[in-house]
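Participant: just to be clear, the model below is a prediction. Sequence and coordinates:
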Amino acid sequence: MLGLLAVWYLSTTGFGWIHPARFPQPEEVWGALTFIQSEGYGNGKLHQHVLHSLKLVAMGFAVAVSIGVPLGLLMGYSRRAEALLNPAFLLLRPIPPLAWIPLAIVWLGLGDGSKILVIFVAAFVPSVINSYTGVRNIDTPVMEAAHMLGVKGWRMVSEVLVPGSLPMIFTGLRLSLQASWTTLVAAELIGALFGLGSILNQASQDIYPAMILVAMAFVGICGASTTWLLGLLESRAMPWRNGRVAA
């Protein structure tokens, strides 16, 4: 990281190899950062934009995984459910999440609801696929033993399906979270008054590359931070993967 900062400084401020109009100098980015936090930019200050984007991602992601994970477990366990749901899922799966933006706007307008819907679509698919795959990867003898012992219903879900597919479920959660952040920025480029995507949109219209870099940096920071928090949850849920034993 320090090496990249040094190259950036030398290329722009130090030797002037890159014109500031094409790529801003570090001091310009710092100035943009202090400006948006103290004076505000694009209808709000930096923390307001960040909190708004976090709220949208949290809502879309939470709804997606709360529906997608159980649906994936059901499809993986029940042949009948798979036969019923898989054709529709295969039809919808190739459609890019951003293709839903026009319909989301028609249905829900330019407010937060349309953006949450697009985030939901982006996060929904990975959570379903990986939960489904996790159940299918459970060893056959384990499933047979559970059936022989009369394990059914909620016990089957809580004692067999979820523990057996947990690694794949968390893989799906990570992919869903990454898709949520990627889609959020694109969704907020259209008709958003708050959020990191709205900063990018406003800064591009104002030809303000330093502010564009500020918004991009905080998208990366927020995405990395939420992924790290999800990793902590994963390590608590599966301590054996880190060589630890649950207390």
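Facilitator: Now that the structure is in, tell me what you want to look at. Numbering: from 1, shown residues only.
Participant: from here on, just use CA atoms for contacts and neighbour counts.
Facilitator: Noted.
Participant: centre-most residue in this structure?
Facilitator: In the chain, the centroid-proximal residue (CA atoms, centre = their mean) is Leu177; its distance is 2.3 Å.
Participant: ok now do it, which residues does it touch?
Facilitator: Each residue near Leu177 by CA atoms under 8 Å, 6 or more residues apart in numbering is listed here: 61, 123, 223, 226-227.
Participant: hmm, which of those are the buried ones?
Facilitator: 61, 123, 223, 226-227 (16 or more other CA atoms under 10 Å).
Participant: just the ones of the residues you listed in helices?
Facilitator: Among these, the members found in helices (DSSP state H) are 61, 123, 223, 226-227.
Participant: against Ser158, how distant is the residue sitting furthest away from the middle of the chain?
Facilitator: In terms of distance from the mean C-alpha position of the chain, Met148 ranks first, at 39.8 Å (CA atoms, centre = their mean). Remark: distance between Met148 and Ser158 (CA to CA, to the nearest Å) = 17 Å.
Participant: do the same with Trp228
Facilitator: On the measure of CA to CA, Trp228 and Ser158 end up 26 Å apart.
Participant: before we move on, what about Leu33?
Facilitator: From Leu33 to Ser158 the distance is 47 Å (CA to CA).
Participant: so the two - more neighbours on which side?
Facilitator: Leu33 (20 against 12; other CA atoms under 10 Å).
Participant: spatially nearest residue to that one, not counting backbone neighbours?
Facilitator: Val214 (6.3 Å; CA to CA, 6 or more residues apart in numbering).
Participant: may I ask which helix or strand encompasses that neighbour?
Facilitator: helix 209-237 (DSSP states H and E).
Participant: how far does that helix sit from its chain's centre?
Facilitator: 10 Å (CA atoms, centre = their mean, to the nearest Å).
Participant: swap in stretch 88-107?
Facilitator: Worked out by CA atoms, centre = their mean, stretch 88-107 lies 17 Å from the chain centre.
Participant: send the alpha carbons of that stretch over as CSV?
Facilitator: Output of stretch 88-107 as CSV, limited to C-alpha atoms (Å, rounded to 0.1, in the frame of the first residue of the first chain):
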residue,chain,number,x,y,z
ALA,A,88,-37.8,-20.6,-13.2
PHE,A,89,-34.5,-20.1,-11.5
LEU,A,90,-32.5,-21.2,-14.6
LEU,A,91,-34.5,-18.7,-16.6
LEU,A,92,-33.9,-15.8,-14.3
ARG,A,93,-30.3,-16.6,-13.4
PRO,A,94,-28.6,-15.3,-16.6
ILE,A,95,-30.3,-11.9,-16.4
PRO,A,96,-27.8,-9.4,-15.1
PRO,A,97,-29.0,-7.6,-11.9
LEU,A,98,-28.6,-4.2,-13.6
ALA,A,99,-31.1,-5.3,-16.3
TRP,A,100,-33.7,-5.0,-13.5
ILE,A,101,-33.1,-1.3,-12.9
PRO,A,102,-35.7,-0.1,-15.5
LEU,A,103,-38.4,-2.4,-14.1
ALA,A,104,-37.4,-1.5,-10.5
ILE,A,105,-37.9,2.2,-11.3
VAL,A,106,-41.2,1.5,-13.0
TRP,A,107,-42.4,-0.5,-10.0
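Participant: and the contacts of that stretch?
Facilitator: Here stretch 88-107 has contacts from 114-115, 117-119, 121-122, 125, 183, 186-187, using CA under 8 Å, 6+ apart.
Participant: having no further points to raise, I will conclude here.
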